[in-house]
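Trainee: Everything below, folded, please.
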Amino acid sequence: MFRLPRSLDGQRVQQQPEFRLAAQGCELFSRFFRGKIDNLLSGLQCFNDVDRPSDERRCFTDCIDVFDRTTSTEITAICCATKKTCVLDPLPANQLTDNITGIVPAITRIKNASLDEGKMPKSLKHAIVRPLLKKASLGKDTVSSYRPLSNLTQLSKVIEKVVALRIMSHVSDQQMVESFQSAYRKKHSTETALLYVISAVKTAMDKKQGAILLLVDFSSAFDTIDHNILIRRLRLRYGFVGKTLDWVISYLKERTQRVVIGDQSSSTTTLTRGVPEGSIFGPLLFSLYVQPIGDIIRAHGLFFHQYADDLQVYAHFDLNHSALSAAVKQMEDCLDEEKVWMARNSMFMDDGKTQYLPNMQSWIKV
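Mentor: The predicted structure is shown next:
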């Protein structure tokens, strides 16, 4: 109902597939999205004996055992900043904002009960998944041309934002923020990440040095996260205990979703891994999950920058053959260790989309 006015206003409307048999199309996409993850994970079976991280580097001084309660003022600000509406919402976002004064006390009580009890309400853990075309050049009638994007209720987004703010405060206070991660940080964006890498490469050129840039592409990064590994990492690396850890566990467990195209819907499926892409909380959990990759890159004397699941690794070298060979060896060794870490953490590098700049495949084995 809201798509036509948005298109008339000139707002961007993301493309969804148009199947003649939309109901069958929804089930087709649902099976494809699940099957893609199953196929990726099937390649990890040989790692079962050795592929669970046994050591987590402790980064915190103080644990976080409870989340600070929220206030009507905070809830009002978050609700007013939330513009998108989900089909599951009883009210469109603008109507919620218009009537926020009368509604906010009840929302605040619900959110504080969730924080106090360490539980995410089950009704807020259901997502509507809409298949979105990855690139305009891809075939619109091919399911592999689409990626799943989760759409959650406004109330879910509000509680996620409340918790995310408290987690970021803890991570910042304990100086655990990854300096070279631009996602989910104030005054940082995709532009920050791009400018940082461009500046580093140009600096090398000004010093009459060469540079190798590796653009790492993850396969279904948000969907393959292992919940048990994530929970362990939050506890041992970041100091989550008590009700804070209980809340995250509750958030992750028993999540459900269904694919929607137009007015048609697939059957509901239960998720056993991953975090919802398109949510507020998912990208933050992902950035905490993959932070150990930075430790690996630094250990090899290389440089990097990230924006969520976009990772750029680069090396500088003097313009002679021996320095180039050493830089290539550094990059190869780092890449090998990254792949081992990814396998141990149910993450996958897409070799076909991972690129080197300049094109150096003749020297570096992916």
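Trainee: which stretches of the stretch 251-366 of the chain have low pLDDT?
Mentor: The stretch 251-366 of the chain contains residues with pLDDT under 70 at 359-366.
Trainee: Can you say which helix or strand has Asn94 in it?
Mentor: For Asn94, the enclosing helix or strand under DSSP states H and E is helix 93-98.
Trainee: mind listing what's buried in the following helix or strand past that helix?
Mentor: Next in sequence after helix 93-98, counting helices and strands by DSSP H and E, comes helix 100-117. Counting neighbours by 16 or more other C-beta atoms under 10 Å, one finds that the buried residues in helix 100-117 are 100, 103-104, 107-108, 111-112, 114-115. Heads up, the C-betas are built off the backbone N, CA and C, glycines and all.
Trainee: one step back: buried residues in the helix holding Asn94?
Mentor: Of the residues in helix 93-98, those with enough neighbours to count as buried (16+ other C-beta under 10 Å) are 93, 96-97.
Trainee: Just give me the closest of those residues to Val66.
Mentor: Nearest to Val66 among the buried residues of helix 93-98: Leu96, at 28.1 Å, using C-beta to C-beta.
Trainee: Report the contact partners of that closest one.
Mentor: Listed by C-beta atoms under 8 Å, 6 or more residues apart in numbering, the contact set of Leu96 reads 79, 89, 103, 154.
Trainee: Tell me the one among those residues nearest to Val129.
Mentor: Nearest to Val129 out of these is Asp89 (C-beta to C-beta; 15.9 Å).
Trainee: In three-state terms, label that closest one for me.
Mentor: Here Asp89 is coil, with the state taken from DSSP: H, G, I helix; E, B strand; the rest coil.
Trainee: ok, it touching Gln154?
Mentor: Yes: contact between Asp89 and Gln154 holds when scored by C-beta atoms under 8 Å: they sit 5.3 Å apart.
Trainee: Who has more neighbours out of the two?
Mentor: Using other C-beta atoms under 10 Å, the more surrounded residue of Asp89 and Gln154 is Gln154, with 23 against 18.
Trainee: Relative to Ile167, how far out is that one?
Mentor: Using C-beta to C-beta, to the nearest Å, one obtains 20 Å as the distance from Gln154 to Ile167.
Trainee: Next: Val143.
Mentor: In this structure, Val143 and Ile167 are 35 Å apart, going by C-beta to C-beta.
Trainee: more crowded one of those two?
Mentor: Neighbours per residue (other C-beta under 10 Å) separate Val143 from Ile167, with Ile167 holding more: 23 against 17.
Trainee: Determine which residue lies closest to the centroid of this structure.
Mentor: Using C-alpha atoms, centre = their mean, the residue of the chain that lies closest to the mean C-alpha position is Pro283, 3.3 Å off.
Trainee: Quick check on that residue: phi, psi?
Mentor: As for Pro283, its main-chain torsions (degrees, to the nearest 10) stand at phi -60, psi -30.
Trainee: Could you find the closest non-adjacent residue to it?
Mentor: Ala308 (5.1 Å; C-beta to C-beta, 6 or more residues apart in numbering).
Trainee: Check Leu149 too.
Mentor: Spatially, and ignoring its direct neighbours in sequence, Leu149 is nearest to Gly278 (4.4 Å; C-beta to C-beta, 6+ apart).
Trainee: can you pull the contacts of the one you found?
Mentor: The contact partners of Gly278, taken as C-beta under 8 Å, 6+ apart, are 127, 149-152.
Trainee: any chance of those residues in JSON lines, plus distance to Ala343?
Mentor: Putting the contacts of Gly278 into JSON lines (distance: C-beta to C-beta, whole Å) gives the following:
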{"residue": "Ala127", "distance to Ala343": "28"}
{"residue": "Leu149", "distance to Ala343": "27"}
{"residue": "Ser150", "distance to Ala343": "26"}
{"residue": "Asn151", "distance to Ala343": "31"}
{"residue": "Leu152", "distance to Ala343": "30"}
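Trainee: Which of those ranks first by neighbour count?
Mentor: With neighbours set by other C-beta under 10 Å, the maximum within the contacts of Gly278 is found at Ala127, which has 26 neighbours.
Trainee: Distance of that one relative to Thr256?
Mentor: When C-beta to C-beta is the yardstick, Ala127 and Thr256 sit 7 Å from each other.
Trainee: same deal with Pro90?
Mentor: Looking at Pro90 against Thr256, where the rule is C-beta to C-beta, the gap reads 19 Å.
Trainee: Which helix or strand contains Leu149?
Mentor: Using DSSP H and E, Leu149 maps to strand 146-151.
Trainee: Could I get the buried residue list for stretch 284-297?
Mentor: Under 16+ other C-beta under 10 Å, the buried positions of stretch 284-297 are 284-294, 296-297.
Trainee: And stretch 242-259, by the same measure?
Mentor: Applying 16+ other C-beta under 10 Å to stretch 242-259 flags 243-252, 255, 257-259 as buried.
Trainee: now do stretch 305-324
Mentor: For stretch 305-324, burial by neighbour count (16+ other C-beta under 10 Å) applies to 305-317, 324.
Trainee: Quick one: end-to-end distance for stretch 147-159.
Mentor: End-to-end distance for stretch 147-159: 25 Å, by C-alpha to C-alpha, to the nearest Å.
Trainee: Nothing else from me, thank you.
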